[in-house]
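Colleague: Requesting a structural model of the entry that follows:
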Amino acid sequence: MDHLKVRADFLRAARGIRRVTPGLTLEICANPAGQGVRVGFTASRKVGNAVMRNRAKRRLRAAAAEILARDGRKGTDYVLIARADTPSRPYRDLVGDLAGALRQVERRRGEGR
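Modeller: Residues are numbered from 1 along each chain as shown. Just a heads-up that it's a prediction; the model follows:
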């Protein structure tokens, strides 16, 4: 998995499909280059101080490595946004949130065909 680093990629994902769960927000859009799975992480100051934001992003990276590496669709960009509960939410619940959001999006994509 590659990482999103350019602001334009994050903004494009914000215009795509969004799913909100208690532990995170997932934004998805097509990758313009159509190569592999790319993922980006973000946490605003609403999550907490710098230590809490970094913890939240580390937890999101671990969940993404577990779920998106296996279930991510090639040619798609994913942005995981931390929420206030992300740093303290049990890890299994966080992974379940990501997996559930991904299933909802795939179901929606299947209906659009």
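Colleague: just checking, Lys74 touches Val37?
Modeller: Yes: between Lys74 and Val37 a contact is recorded at 6.1 Å, counting by Cβ atoms under 8 Å. Quick note: C-beta positions are derived from backbone N, CA and C, even for glycine.
Colleague: of these two, who's got more company?
Modeller: With other Cβ atoms under 10 Å as the criterion, Lys74 and Val37 differ in neighbour count, and Val37 comes out ahead with 18 against 9.
Colleague: What is the burial count for the closest residue to that one other than its chain neighbours?
Modeller: Nearest non-adjacent residue to Val37, counting by Cβ to Cβ, 6 or more residues apart in numbering: Gly72, 3.9 Å away. By the criterion of other Cβ under 10 Å, Gly72 has 19 neighbours.
Colleague: tell me the contacts of Gly72?
Modeller: 1, 37, 39, 78, 102 (Cβ atoms under 8 Å, 6 or more residues apart in numbering).
Colleague: With distance to Asp9 as new columns, can those be given to me in JSON lines?
Modeller: Below are the contacts of Gly72 laid out as JSON lines (distance: Cβ to Cβ, whole Å):
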{"residue": "Met1", "distance to Asp9": "14"}
{"residue": "Val37", "distance to Asp9": "13"}
{"residue": "Val39", "distance to Asp9": "10"}
{"residue": "Tyr78", "distance to Asp9": "11"}
{"residue": "Leu102", "distance to Asp9": "19"}
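Colleague: Type out the ChimeraX command that picks the buried ones from the residues you listed.
Modeller: To isolate the buried members of these in ChimeraX, using 16 or more other Cβ atoms under 10 Å:
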select :37,39,78,102
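Colleague: Give me the subset of the contacts of Gly72 that lies in helices.
Modeller: Leu102 (DSSP state H).
Colleague: Spell out the residue ranges of the strands in the chain.
Modeller: Using DSSP state E, the strands found in the chain span residues 2-3, 17-20, 24-30, 37-42, 76-82.
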